[in-house]
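S.K.: Show me how the following folds:
(3 chains)
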Amino acid sequence: MTGQEGAAELRETASEAPRRTPVEVPAGTLLDHHCHGVLRTDPGPAAFEAFLTEAEWPAAPGTSFFDTQLGFAVRRWCPPLLGLEPHCAPERYLARRAELGAREATRLLLRGSGIGAYVMDTGLPGDITGPDELAELSGAPVHEIVRLERLAELVADTTRDADAFLAELAARIRSAATTAVGFKSVAAYRYGLDLAPEPPALHEVRDAAANWLKKRPNDDRLRDPVLLRHLLWSAVATRLPLQLHTGFGDPDLRLHRCDPLLLTDFIRATRRPGTPLILLHGYPYHRNAAYLAHVYPHVYADMGLTLSHTGARAGAVLAEMLELTPFGKLLFSTDAYGLPELYVVGARLFKEGLAELLETWTSSGAWSPADAHRVTNLLSSQNAERVYRTPPSPEPRPR
Amino acid sequence: MTGQEGAAELRETASEAPRRTPVEVPAGTLLDHHCHGVLRTDPGPAAFEAFLTEAEWPAAPGTSFFDTQLGFAVRRWCPPLLGLEPHCAPERYLARRAELGAREATRLLLRGSGIGAYVMDTGLPGDITGPDELAELSGAPVHEIVRLERLAELVADTTRDADAFLAELAARIRSAATTAVGFKSVAAYRYGLDLAPEPPALHEVRDAAANWLKKRPNDDRLRDPVLLRHLLWSAVATRLPLQLHTGFGDPDLRLHRCDPLLLTDFIRATRRPGTPLILLHGYPYHRNAAYLAHVYPHVYADMGLTLSHTGARAGAVLAEMLELTPFGKLLFSTDAYGLPELYVVGARLFKEGLAELLETWTSSGAWSPADAHRVTNLLSSQNAERVYRTPPSPEPRPR
Amino acid sequence: MTGQEGAAELRETASEAPRRTPVEVPAGTLLDHHCHGVLRTDPGPAAFEAFLTEAEWPAAPGTSFFDTQLGFAVRRWCPPLLGLEPHCAPERYLARRAELGAREATRLLLRGSGIGAYVMDTGLPGDITGPDELAELSGAPVHEIVRLERLAELVADTTRDADAFLAELAARIRSAATTAVGFKSVAAYRYGLDLAPEPPALHEVRDAAANWLKKRPNDDRLRDPVLLRHLLWSAVATRLPLQLHTGFGDPDLRLHRCDPLLLTDFIRATRRPGTPLILLHGYPYHRNAAYLAHVYPHVYADMGLTLSHTGARAGAVLAEMLELTPFGKLLFSTDAYGLPELYVVGARLFKEGLAELLETWTSSGAWSPADAHRVTNLLSSQNAERVYRTPPSPEPRPR
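M.R.: Down below sits the predicted model:
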């Protein structure tokens, strides 16, 4: 079977629309369309600091991860939610946090974040909450995104036969599509986005699966480009929104292989099924992601952890994103993980940054106040609500 | 004949200076050194909206191309020129436009744009005006730029013999050089800028031409990299300014293959004839274009459709361009096409954005008011006036 | 010997810590951790102008290198130090400079720059000052950085035998490590940063050396990628900070081959010795450099000539750098060369730009004033003081 035939077959299996609860938020709150679970227990000071960076090693001698835009943003926004003054010393903040206990601190922070609904990637390991616990702590509904590579790894744990693996994987993806609101791929840091754009042929997938299963459990992580492509196309076939990691955000990655432009031919190949593709994070290639969202109808953009990590610069970076991204195509997320503080700063930086931009643009006359209000709602929640209901794909325009 | 010899031969044919009218504008107005024709008839609402994007498909479900920086800029600047309030609803604006009729609306918009002269790329098809009609509608002189690929396609329509094709092409380029003020290449989106930098050998050109002519008319568009290089070097030999599409701006392109830095070796190879090369658009690689204009004497930069599409951000993007580009090297253009509105927003965003920047820089003391005034004139028209008169190439500095 | 063994051997030679004077500056002044010598004599007007650009040819006809952000910055900051009004005409400024004489003008400018200590790359040719002369003219201590490629070229001048060359080179590097505070590589514009990341095997180095020595003196400059890698790894083995040119800054370079991300695998390979790597300049890839400084403990970032060349935009570019770079990881430098004016503008643009940014961030509440003050000290001198004392390498974090 050729790649072309593989694509055709995958597309055929996509005929039935999945059933899910629509994603909605209360008025005035944010829909965080991409986040992870929070820690169940109080992290020590070192572990807390480690969550403030994408590095996987300790800070350089004489430096601290608190001395970053993210560290300063945490110290700005979070102490007041725990009854302290903004910018208090890290030690004071951590002491107060420990005094309250992880559960109470987490509740206070999440409920003070301004987020009204979550879409959570459940594919991260560690002692972190699942969707139900996050819902209970935050008092807001939590929807699920299934991480493709993690799903494949879980399936691989149960079999060493390639055919059985592929059949079970297909079944698990089908099943996930009935409950989750979308899928996510981290191919960017498992291999890079410089993947061949077309679906792999079945025999290639089978060979790759057999090879990988043989190497496990020594090399547990799925990094094979053929299998990564198989996962992408399997998700595309469900027509559910597919989140794609792009840009910075994991110490394993080679940043220049995470430029979303490397996805251009994959994007062109998936235009016909029209499955929504959401390019996450993007930084420092966020203008490239904006360009793709501008040109291709089924492509959407997100800034994810970019805003949290750029702190006082979040509004400036958001402004760059709002150059080419159509206003109906940008989604809000925090990409928060582990610390409830990260939900708070992601949400506050977005709201503050956007408000400041729109204040500038309306006061100069560039935008009307009514448009500014409307775009705020689109970006805060309405775009995500629309996308995660998976609208039908657009037809090509007659030329 | 080797590539080197091909280059030598091409350079020899460039000995005679072409005769053209100098390009000038009335004081206080802009010289738009890169634009296209306007529609002769009233577009319907859907066609109007389609001109607001570089995508070639309809907007995603639930979204509109009016909800973009360009859409908002059109609604800011154009309604007042037709007697309406800024930011009125698209429907109201389009109704007023229809009421006036295409011709009257076009006249009002063009004459309100602040553009005092045009340099027009005549190589786009469709029911759009030629230079004379644009001149009549706008009341401003219009000079011509010849699009190389279109010229080659027109020649190819009349012959299937490679030698005859090449001879006729050479004659047409020579002839164009006596009336047009420059040439333009869209090699960026026909192939990519990752072309071999040296002129192709004659036998390669002949083979490529024979091949292409055989495939026509099934594959009409000139995409062959050897022929694209032949066109570039043929234009270089005329010594007339050569505009090169770089960056975003056509749905066919692969953006990362339009990075102007991919032209570096071509730029080095053309330094000796010294033919002015003008890098158009550039976004999001505009800082790279600025770098090339900084380092190489015969390279100039432009922002073209970048300002229109970034709207409220046009001043911010222009500021990035003014980091490395020498102030004698940046040219203004709208890249407007089809809608007269696009001339208006391109011109207004440039003027407003530049004025705001210079206000900031002079009030902080970074620039003197006299310099700000002088640079405004350079960018608005004087740089283009100088370049399109084709100054002699600079000699290498003694090292 | 394999590359791996080569690395092991190089690492073993690094066991002894070098002895040097600690690098410190008086309170309130800057530590310029990367600069060059100044001219000993008065440049003529043409030579003066030539120092305002990274181009190596005269300005395009009708343009001037004074009409650049750098030219305007020189005219803003330098005339008052010589008793003239800011923004006076270039001719007036040059006349005053000539009247004072090179020595007095240089003294006035350097002593008015606000720089309290220098770290000087001594590897540039020409009639420029050495460290002692710069110290005397400026009244501030000057430490030395040894340029690897220049050192190798000097050694190559004295021998044509590969083994003798390599032995002498090793001895000179060992010796330099006892007096200099670090090394510098310009591999970026001798070859490109797309070098193989691992140390070359000894037999490869020997072959490459023999080859290069044979070609000399016709092709004097060291451009061989194997020898460039050998120099890099030889410097890494000393554990002294290693400055790496990245981004723009020399007319020889191909900018896209100077993206610091091309160093990612070299950075990963050097994490274990932990030798501090300082990515110089970076523009327009400075956000990529910031990312590397964020993720890798031994990587530091600098903006060097970026601030001087972007002038009125220096604060805006610095802001981009302060998105991901941890505040303990960004170092100040001027990259000044030849003109004492370049020390002045590099220093003033940094101080003014940073002060303006921090004023914005503290007045919005994003940063506390105490943090702003602390970060100013880190960036101005403390980070460089810490790095050039060569702290021990961090251990990997337990995962």
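
S.K.: Tell me which residue in the stretch 51-200 of chain A sits closest to chain C.
M.R.: Closest contact between the stretch 51-200 of chain A and chain C, by C-beta to the nearest C-beta, is at A:T63 (3.0 Å). (Glycine included, C-beta is placed from N, CA and C.)

S.K.: which residue packs closest to that residue, ignoring adjacent ones?
M.R.: Nearest residue to A:T63 in three dimensions, chain neighbours excluded: C:G328, at 3.0 Å (C-beta to C-beta, 6 or more residues apart in numbering or on different chains).

S.K.: For C:D157, see how far away the residue of the stretch 51-200 of chain A closest to chain C is.
M.R.: A:T63 sits 41 Å away from C:D157, going by C-beta to C-beta, to the nearest Å.

S.K.: more crowded one of the two?
M.R.: The residue with more neighbours, out of A:T63 and C:D157, is A:T63; 21 against 11, by other C-beta atoms under 10 Å in any protein chain shown.

S.K.: Wait, A:E320 touches A:R287, no?
M.R.: Yes. Contact criterion C-beta atoms under 8 Å: A:E320 and A:R287 qualify, at 5.8 Å.

S.K.: How about the residues of the stretch 151-300 of chain A by chain C?
M.R.: A:248, A:251, A:254-256, A:283-284 (C-beta under 8 Å from any C-beta of the partner chain).

S.K.: a markdown table for the residues you listed, including secondary structure, distance to C:A180 and neighbour count?
M.R.: Output for these, formatted as a markdown table (DSSP: H, G, I helix; E, B strand; the rest coil; distance: C-beta to C-beta, whole Å; neighbours: other C-beta atoms under 10 Å in any protein chain shown):
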| residue | secondary structure | distance to C:A180 | neighbour count |
| --- | --- | --- | --- |
| A:F248 | coil | 34 | 28 |
| A:P251 | coil | 32 | 15 |
| A:R254 | coil | 32 | 16 |
| A:L255 | helix | 31 | 24 |
| A:H256 | helix | 32 | 18 |
| A:Y283 | coil | 36 | 27 |
| A:P284 | coil | 33 | 24 |
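
S.K.: out of these, which one sits closest to A:R172?
M.R.: A:P251 (28.4 Å; C-beta to C-beta).

S.K.: Let me see the contact set for that closest one.
M.R.: A:P251 is in contact with A:54-56, C:295, counting by C-beta atoms under 8 Å, 6 or more residues apart in numbering or on different chains.

S.K.: who wins for neighbours among those residues?
M.R.: Neighbour tally across the contacts of A:P251 (other C-beta under 10 Å): the maximum, 23 neighbours, falls on C:V295.

S.K.: From C:P260, how far off is that one?
M.R.: 12 Å.

S.K.: close enough to count as contact, A:F327 and B:T68?
M.R.: Yes. Using C-beta under 8 Å, A:F327 makes contact with B:T68 at a distance of 6.7 Å.

S.K.: The two - which one has more neighbours?
M.R.: B:T68 (26 against 21).

S.K.: excluding its backbone neighbours, what's nearest that one?
M.R.: A:P326 (5.0 Å).

S.K.: Quick check: the one you found vs A:N377, distance?
M.R.: For A:P326 relative to A:N377 (C-beta to C-beta), the value is 15 Å.

S.K.: Can you pick out the residue with more neighbours from those two?
M.R.: Neighbours of A:P326 and A:N377, each counted by other C-beta under 10 Å, are more numerous for A:P326; the result is 30 against 12.

S.K.: shaky segments in chain A?
M.R.: Along chain A, segments meeting pLDDT under 70 span A:1-20, A:390-399.

S.K.: Residue of it closest to chain B, please.
M.R.: Of all residues in chain A, A:G328 sits closest to chain B, at 3.0 Å by C-beta to the nearest C-beta.

S.K.: wouldn't that residue be in contact with B:A59 here?
M.R.: Yes. Using C-beta under 8 Å, A:G328 makes contact with B:A59 at a distance of 7.4 Å.

S.K.: any residues in contact with both of the two?
M.R.: What both A:G328 and B:A59 touch, as defined by C-beta under 8 Å, 6+ apart, is an empty set.

S.K.: for the longest helix belonging to chain A, which positions count as buried?
M.R.: Criterion DSSP state H: the longest helix present in chain A is helix A:340-363. Of all the residues in helix A:340-363, those buried under the rule 16 or more other C-beta atoms under 10 Å in any protein chain shown are A:340-354, A:356-358, A:361-362.
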